[in-house]
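Chemist: here's my sequence, what's the structure:
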Amino acid sequence: MGDILVVYDVTVEDQEMLDAVEKKCNAINVGKLQKVERVPFVFGTEAIRVAVVVPDKTDGVSDAIEDYLNSIDGVSSINNVATTLV
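Modeler: Sure thing, here's the model as predicted:
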């Protein structure tokens, strides 16, 4: 049994909300937070990339991460950009 790294890009409704959304992303309580960073998105805007390590073969953990990220005020959308064994 190993671990899985899941990476999401989180886009915000308004670029002025980046700090608040980034702070909430750093407080994720599912799995082990690996990294939160801002990445270029479109037309000079930024998204927040969130990387979390979770145990392999744990049911519902991806749903829990997505539910948490979607519950943050100001989040427009989330997109899973990578899932890999580590």
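Chemist: state the pLDDT value of Gly2.
Modeler: Looking at Gly2, its pLDDT is 88.
Chemist: what sits closest to it if chain neighbours are left out?
Modeler: Asp56 (4.8 Å; C-beta to C-beta, 6 or more residues apart in numbering). In short, each C-beta sits where N, CA and C put it, glycine included.
Chemist: quick one: that neighbour and Leu85 touch, right?
Modeler: Yes - between Asp56 and Leu85 there is a contact under C-beta atoms under 8 Å: 7.0 Å.
Chemist: which strands or helices does the lengthiest helix in the chain pack on?
Modeler: Looking across the chain with DSSP state H, the single longest helix is helix 61-71. Contacts defined by 3 or more C-beta pairs under 8 Å, 6 or more residues apart in numbering; DSSP states H and E place helix 61-71 against strand 3-12, strand 46-55, strand 75-85.
Chemist: and the residue nearest the centre of the chain, how far from Ile28?
Modeler: The chain has Val50 as the residue nearest its centroid, 3.4 Å off, counting by C-alpha atoms, centre = their mean. Note on Val50: its distance to Ile28, by C-beta to C-beta, to the nearest Å, is 7 Å.
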